[in-house]
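> The following block contains a protein sequence and its predicted model.
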Amino acid sequence: MLQTWYENWITQWESSLCFRSTDRVVRPFEWGMEWTEKWPVSAGSKKDPEQYFRELNASILASPEEFFSYEKPEEFRLEGDWLRFRTPLESPHPSNNLVHAMWCPAEKPKGKAVVVLPHWNSALPQHVGLAKGIAKFGISALRLSLPYHDFRMPAELHRADYAVSSNVGRTLDATRQAVADIRACVDWLIEQGYSEIGIVGTSLGSCYAFLASTFDPRIKVNVYNHCSSYVADVVWTGLSTIHVKKGFEEHLDRDRLRDLWGAISPMNYLRHYAEHQHKKNLFIYTKYDTTFLPEFSRQIVGAIADHKIPHKVVELPCGHYTMGESPFKFMDGYQIINFLKRNL
């Protein structure tokens, strides 16, 4: 009875936090094939868009290092607390092509730094507190603004809809860009003399972090704050992505979308990830999550164990949104910082 009461309380709290945002827009379904034109992989005929994206994902999964490749930016500028550089993989939106990352250096840096990746639709100053908290414990932190977020948001948007949307190609491209931006941040940290690099990703940032770390051995310590298996499963079942699902559901089902977004789903890269046995990994998920359903979190954690990848798992007694509220945010922060301190 107590368990049922508690779960109902958390679920109602989750719902109220989720739907306090009233500016979600159901956008029209689009294949977005034009987004694939500059990619270093190819597929067959574009006459059948679904088959084209199916083949394209198969090509990416066959040689993912090529898809997630990038060139180091020619110039980094540290302006006060802000690191700025041109994204290695530009989009058609000028505002999105200038990367911004808030720099929170430790008072006495010891060659250790982490890249902090916020959640989807995060806005400043969210996650800055986490970055500064990490810095207080002697680990410098770089809080990255994700593609289409914060300063990078095109003028026509009120939310970061272009990062995850019912446009198949654009969502793939935004993820590819995010991975390149993260790795460019690592380039800059190494230039500054940091040799021990970690990453902390939350929600969508967790997905981006996993992909970046998969193909960048320089990232040694990883914290996945909310974790899940397939991007399509989250979009199709999550409370916060109902409006995205509505854009899809007359055109695709979950299984078909899973194939079309296979190239950006962590579950498909476990074999590659397992090659990095030196990495230390913390997976945090919540017992009553209505956005990243716990079954999907347990699925990726189980697969990590099957691949004998070193890891630690923490389950918090809250949900996706309530993790950001007291007292759960302090529980979460403790787990993150403690893991970084012990392993970086």
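Cool, got the structure.
> Quick check: phi and psi at the closest residue to N268 other than its chain neighbours.
In this structure, N268 finds its nearest non-sequential neighbour in G262, 5.4 Å apart by CB to CB, 6 or more residues apart in numbering. Using the backbone N, CA and C atoms, a C-beta is placed for each residue, glycine as well. With angles defined as degrees, to the nearest 10, G262 sits at phi -60, psi -30.
> repeat for S228
Dihedral angles for S228 - degrees, to the nearest 10 - are phi -150, psi 170.
> And the pLDDT at it?
According to the prediction, S228 has pLDDT 95.
> What number of residues are in the vicinity of it?
Neighbour count of S228, defined by other CB atoms under 10 Å: 30.
> try A155
A155: 6 neighbours (other CB under 10 Å).
> List the contacts of it.
S95 (CB atoms under 8 Å, 6 or more residues apart in numbering).
> Just say helix, strand or coil for the nearest residue to L204 once chain neighbours are set aside.
Leaving aside its chain neighbours, L204 sits nearest to W120 (3.8 Å; criterion: CB to CB, 6+ apart). Here W120 is coil, with the state taken from DSSP: H, G, I helix; E, B strand; the rest coil.
> Check whether W120 really touches V164, as I assumed.
Yes - assessed by CB atoms under 8 Å, W120 is found in contact with V164 at 6.1 Å.
> Contact partners for M102?
D81, W82, L83, L124, V128, A131, L142, R143, S145.
> What subset of these is buried?
L83, V128, A131, L142, R143, S145 (16 or more other CB atoms under 10 Å).
> Heading C-terminal from the helix or strand hosting the fourth one, find the next helix or strand.
Put plainly, it is L142. Using DSSP states H and E, L142 maps to strand 140-144. With elements assigned by DSSP H and E, the helix or strand that comes after strand 140-144 is helix 168-191.
> how far out from the middle of the chain is that following helix?
The chain centroid and the centroid of helix 168-191 are separated by 10 Å, computed with CA atoms, centre = their mean, to the nearest Å.
> So which residue is dead centre in this structure?
Residue closest to the mean C-alpha point of the chain, counted by CA atoms, centre = their mean, is G205 at 2.3 Å.
> and that one, which of the three is it?
Recorded secondary structure, G205: helix (three-state DSSP).
> before we move on, back to that, find residues that contact each of W120 and V164.
Common neighbours of W120 and V164 (CB under 8 Å, 6+ apart) are L204.
> pLDDT-wise, what's the bottom of the contacts of M102?
L124 (93).
> show me where pLDDT drops low in the protein?
Across the chain, the ranges flagged by pLDDT under 70 are 1-3.
> Do a quick rundown of the helices in it.
Taking DSSP state H, the helices of the chain run over residues 2-18, 49-62, 64-67, 128-136, 168-191, 204-214, 231-237, 242-248, 254-260, 270-273, 294-306, 328-343.
> how far off strand 140-144 does the fourth one point, in degrees?
Think helix 128-136. Orientation of helix 128-136 against strand 140-144 (axes from the mean of the first three to the mean of the last three CA atoms, to 10 degrees) gives an angle of 160 degrees.
> Just the angle for helix 128-136 relative to helix 328-343, thanks.
Angle of helix 128-136 versus helix 328-343, following the same axes, to 10 degrees, is 30 degrees.
> going forward, begin numbering at 59 instead of 1
Will do, 59 is the new start, and the previous item becomes helix 186-194.
> Convert helix 186-194 to CSV, retaining C-alpha atoms only.
Provided in CSV are the C-alpha atoms of helix 186-194 (Å, rounded to 0.1, in the frame of the first residue of the first chain):
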residue,chain,number,x,y,z
VAL,A,186,25.5,25.2,-14.5
GLY,A,187,25.1,24.4,-10.8
LEU,A,188,26.2,20.8,-11.4
ALA,A,189,29.2,22.0,-13.4
LYS,A,190,30.2,24.4,-10.6
GLY,A,191,29.6,21.7,-8.0
ILE,A,192,32.0,19.4,-9.8
ALA,A,193,34.5,22.2,-10.0
LYS,A,194,34.4,22.7,-6.3
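> And it, what does it pack against?
When contacts are defined as 3 or more CB pairs under 8 Å, 6 or more residues apart in numbering; DSSP states H and E, helix 186-194 sits against strand 156-162, strand 170-175, strand 198-202, helix 386-401.
> any idea how far F77 is from W71?
Taking CB to CB, to the nearest Å as the measure, F77 falls 11 Å from W71.
> Using neighbour counts, pick out the buried residues of stretch 332-345.
Quick answer for stretch 332-345 (16+ other CB under 10 Å): A332, H334, K337, K338, N339, L340, F341, I342, Y343, T344.
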